[in-house]
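1. could you look at this predicted model? Sequence included:
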Amino acid sequence: MIERRAYRSDLRTQQARATRRAVVEAATGLFVARGYADTTLDAVAAAAGVSRRTVVNAVGGKAALLALAWDFSLVGDDEPVPMADRPGVLAIRASTDPAESVRLWAEMTVEIEERVAAIGRALEAAADVDEEAAALLAKAGAERLDGARAFADHLASIGGLASGTTVEQAADAFWALNDGTLYRRLVLDRGWSTARFADWLRRQTQASTGHPG
């Protein structure tokens, strides 16, 4: 009986996770297509094929939906694995060559920007009219800065920053360079290929270290 109960519990957990994933995917599509203000819980429920009550029980209100839409897009899935423990970050931390580290960082940044470009634009628009969305955008910016500082620390530890370039200076530059606005302007608006953008980002990142590479 214990095994049967465990099986049923596991099945319910999987079903609940699948429902949450479907709800978040539906909300993401609507936020991108309609904008945050014009997306209702009823519309999300209809798009996901569930009831409004299920949407609320699975995720919560619109702010929670937007937060998960951002989080899922950022990491690429709904696995409970922090960004710091993702393969891309681990590969950078394992690298002892500054040039390789910069290349890996640029490539990872582009991969992330491809996933978050659309929802990022929706989030920025939402932040102009909604306090909770504005708080989420600020939190995302702070987390980007933390990641940029960690990357700067890594480069400093392997001799990737030139004398006179501080970790804070490098972190600020990396934070500015991985702002999604740059990707959207150059790739989505100006039609750059992701390969061209990745190469440009790599060169700009290398230049910002003050190191010849």
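-> Looks like it arrived, so ask away.
2. how does this structure divide into domains?
-> 1-67, 81-213 (automatic domain parsing).
3. and the longest one, average pLDDT?
-> Which is domain 81-213. Averaging pLDDT along domain 81-213 gives 95.
4. on that earlier part again, so which of the domains of the chain is nearest Ser73?
-> domain 81-213 (4.6 Å; Cβ to Cβ). Where C-beta positions appear, they are placed from N, C-alpha and C, glycine not excepted.
5. ok now that closest one, how far from the chain's centre?
-> Its chain's C-alpha centre and that of domain 81-213 lie 10 Å apart, by Cα atoms, centre = their mean, to the nearest Å.
6. where do the helices sit along this structure?
-> 2-34, 41-48, 52-58, 62-75, 87-94, 98-127, 131-157, 167-177, 180-183, 194-208 (DSSP state H).
7. any chance of the domains of the chain in a markdown table, plus distance to Val75 and mean neighbour count?
-> What follows is the domains of the chain, written out as a markdown table (distance: least, Cβ to Cβ, whole Å; neighbours: other Cβ atoms under 10 Å):
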| stretch | distance to Val75 | mean neighbour count |
| --- | --- | --- |
| domain 1-67 | 12 | 16 |
| domain 81-213 | 6 | 17 |
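8. how about the ones you listed in TSV, adding distance to Ser73?
-> Below are the domains of the chain laid out as TSV (distance: least, Cβ to Cβ, whole Å):
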stretch	distance to Ser73
domain 1-67	7
domain 81-213	5
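9. and of these, who's closest to Leu74?
-> That would be domain 81-213 among those, by Cβ to Cβ, at 5.7 Å.
10. compute the first-to-last residue distance for stretch 68-81.
-> The straight-line separation of the ends of stretch 68-81 (Cα to Cα, to the nearest Å) is 14 Å.
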